[in-house]
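Student: sequence plus the predicted model coming up.
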Protein chains: 2
Amino acid sequence: MKWQQRKSLETQQKLLSAALACLERDGFHNFRLDRVASEANVSKGALTHHFSNKDDLLAHAIEKVLDEFVDALAHGVDEVHAGRLTLDGFLDLMWLHMSGQLYMVTLEIALKARHEPSFRTLLTPQVQSFHERIDAIWQQLFPHLSPARATHLMNLSMNLLRGMGTQSVFRKDAPYFNDLLNGWKAILRQQVAS
Amino acid sequence: MKWQQRKSLETQQKLLSAALACLERDGFHNFRLDRVASEANVSKGALTHHFSNKDDLLAHAIEKVLDEFVDALAHGVDEVHAGRLTLDGFLDLMWLHMSGQLYMVTLEIALKARHEPSFRTLLTPQVQSFHERIDAIWQQLFPHLSPARATHLMNLSMNLLRGMGTQSVFRKDAPYFNDLLNGWKAILRQQVAS
DNA sequence: AAAAACAAACCGTCAAGTCGGTTTTATTTA
DNA sequence: TAAATAAAACCGACTTGACGGTTTGTTTTT
C-alpha cells in the first residue's frame, strides 16, 4: 500500500492540472473529458476511475485553484508583516492572480453553478471557506482598522479586481489595467490613513 | 411591402427577447434553440428563417441588450443635467442595470467569445462602439474634469460594478451590495471634488 | 489470487442544422 | 378585378455528429 497510493495521487494531480488547463483554454462550454485525459496523458478510463463524473472532476479542480490563491495571499500578508512587501505590492500580488488562470476558471465555474443547483450545492462549502479565509487575511493586513472596515475595503478591492479580470477577457491592455490599479492604490492608501 | 415587414420585425423581436430570457435563465451552456423558439411561441423553422444560426441569434441579442444599457445611461445623464438626478442616483441606475439581466447575459457571451475567435470578431465592433458610447456619456457627466480623468473614474466605477455583478452570482445580499455602492459613492464624490 | 490502475470499445442521448413542404402575402398580367 | 405567379413566412421531420457514461478487458501491484 505505498506505490499504488503514490501513483494514484500523482495521476489525480495530473488530471486536475490538465482539467484546469483545458478549462482555461477551451472554456467550460467546450470542456471535454477526453481532452482532459489526453492532456494528462492518461486514458479516459483512468479519468473515470479517479473521478466519478464531470462535475466531480470540476469540483476538485476548483478546490485546487482556490486553495492556491488563498495560500498566495496568506504568504503575501506574511511578507507585508515582515516588511518585505508593501501594500502596493500586496495589491499587485492579488492582481497577478486575478488576471491569470485563476479568475477565468472561477468565472467559468461560477456561471455553471449559477444554472445548476446540484453543482452549486457541491461548491457552496468551498466558496464559503474561501471567502472566510480571504476575510481573515485582510483583517491581518489592517490590524489597526476595525474588522468591519477591513472587510469593507477588502470587498471593494476584490470586486474592482474581479471587474478588471472580467474586462480583460476583451481588452488585452496591461498599461491600462496598471493605471487603474495605481489609481485604486492611491485611493486605498487614503482610505486606510483616515 | 408593409404587412410582411412588420410581421417579420415583430417575430424577430420576439425571438430576441426569448433568447435573452433563455440565456439569463439557462445560461449559455444550456442555451437551446428549440427552447428559444417555444419561448417565443414560434416554430424552430421560423427561427432558422430569421437567424442563420445560433451565433447569429446571440450576436443580435447582445446588440439589443447593450443598446438598452447605453440608452438608459444616456437618459440618466440628461436627468442629471436637468437636475432631476444626483450623481448617487446615476450610480444607482448603473447598478440597477449591472445587477439585472444585462450583466449576466454579457458575461455568458463574453466567456463564449473568449474561446471562439470567429464569434469574438463578430462581436468586436459592437463592444467597441459600446465602450465609446459609455465613455462619451461620462465625459458629459463630468464636463469640469479632464476627459482622461473622467474616463479613469468611469473605468474604476464600471469595473467595480462589474465585479459586484459577478459576485452577485453567488451572493444574494442586497444590503451588502448597497453598502459597497455607498462606500464607492463617497469615494467618488471625494475624487470628483479634488 | 485479489485488487487496483489503466485502456479502449461501445452505446444512448441530444441538439444544431438541413430540407422539402405548406400557408400567407405581394405583384404581375390578362 | 381576378387569376396567375412570385416571394416571403413558417413548419417540423430527419440527419448527422458529438460527447458522457458504461462496460468489458488487460496489466501491474500486493
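Tutor: Okay, I see it.
Student: and the helix or strand encompassing A:Ala74, how far out from the chain's middle?
Tutor: According to DSSP states H and E, A:Ala74 maps onto helix A:54-81. From the chain centre to the centre of helix A:54-81 is a distance of 6 Å (CA atoms, centre = their mean, to the nearest Å).
Student: can you tell me how far the closest residue to A:Asn41 other than its chain neighbours sits from B:Arg84?
Tutor: Nearest non-adjacent residue to A:Asn41, counting by CB to CB, 6 or more residues apart in numbering or on different chains: A:Lys14, 7.2 Å away. To be clear about C-beta, it is placed using only N, CA and C from the backbone, and glycine gets the same treatment. Distance, A:Lys14 to B:Arg84, using CB to CB, to the nearest Å: 61 Å.
Student: from chain A, which residue is nearest to DNA strand C?
Tutor: Going by CB to the nearest atom of the strand, DNA strand C is nearest to A:Gly45 of chain A, at 2.1 Å.
Student: roughly how far apart are that residue and A:Asp34?
Tutor: Distance from A:Gly45 to A:Asp34, by CB to CB: 11 Å.
Student: how far off helix A:54-81 does the helix or strand hosting A:Leu96 point, in degrees?
Tutor: Here A:Leu96, judged by DSSP H and E, is contained in helix A:87-98. Angle between the axes of helix A:87-98 and helix A:54-81 is 170 degrees (criterion: axes from the mean of the first three to the mean of the last three CA atoms, to 10 degrees).
Student: now helix A:87-98 - C-alpha only, PDB.
Tutor: Output of helix A:87-98 as PDB, limited to C-alpha atoms (Å, rounded to 0.1, in the frame of the first residue of the first chain):
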ATOM      1  CA  LEU A  87       0.600  47.400   0.500                       C
ATOM      2  CA  ASP A  88       1.000  48.300  -3.200                       C
ATOM      3  CA  GLY A  89       3.000  45.100  -3.700                       C
ATOM      4  CA  PHE A  90       0.200  43.100  -2.000                       C
ATOM      5  CA  LEU A  91      -2.300  44.500  -4.400                       C
ATOM      6  CA  ASP A  92       0.000  43.700  -7.300                       C
ATOM      7  CA  LEU A  93       0.000  40.100  -6.000                       C
ATOM      8  CA  MET A  94      -3.700  40.000  -5.900                       C
ATOM      9  CA  TRP A  95      -4.000  41.400  -9.500                       C
ATOM     10  CA  LEU A  96      -1.400  38.900 -10.700                       C
ATOM     11  CA  HIS A  97      -3.600  36.100  -9.600                       C
ATOM     12  CA  MET A  98      -6.900  37.700 -10.700                       C
END
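Student: so what touches it?
Tutor: Outside helix A:87-98, the residues within contact range by CB atoms under 8 Å, 6 or more residues apart in numbering or on different chains are A:69, A:72-73, A:76-77, A:79-80, A:85, A:103, A:141, A:157-158, A:161-162, A:164-165, A:177, A:181, A:184-185, A:188-189, A:192.
Student: more crowded one of A:Lys14 and B:Arg84?
Tutor: With neighbours defined as other CB atoms under 10 Å in any protein chain shown, A:Lys14 and B:Arg84 compare such that A:Lys14 has more, 18 against 10.
Student: OK, contacts around the more buried one?
Tutor: Contact partners of A:Lys14, counting by CB under 8 Å, 6+ apart, are A:40-42.
Student: also A:Ser168?
Tutor: A:99, A:177.
Student: could you do A:Asn30 as well?
Tutor: For A:Asn30, the contacting residues are B:His115, taking CB under 8 Å, 6+ apart as the criterion.
Student: helices and strands around the helix or strand harbouring A:Asp179, which ones?
Tutor: Here A:Asp179, judged by DSSP H and E, is contained in helix A:174-193. For helix A:174-193, the packing partners by 3 or more CB pairs under 8 Å, 6 or more residues apart in numbering or on different chains; DSSP states H and E come out as helix A:87-98, helix A:147-167, helix B:147-167, helix B:174-193.
Student: any idea of the pLDDT on A:Asp179?
Tutor: Listed pLDDT for A:Asp179 reads 98.
Student: over to the residue nearest to A:Leu57 when sequence neighbours are not counted: give its phi and psi.
Tutor: Distance criterion CB to CB, 6+ apart; nearest residue to A:Leu57, sequence neighbours excluded, is A:Phe51 at 4.1 Å. Per-residue torsions, A:Phe51: phi -130, psi 130 (degrees, to the nearest 10).
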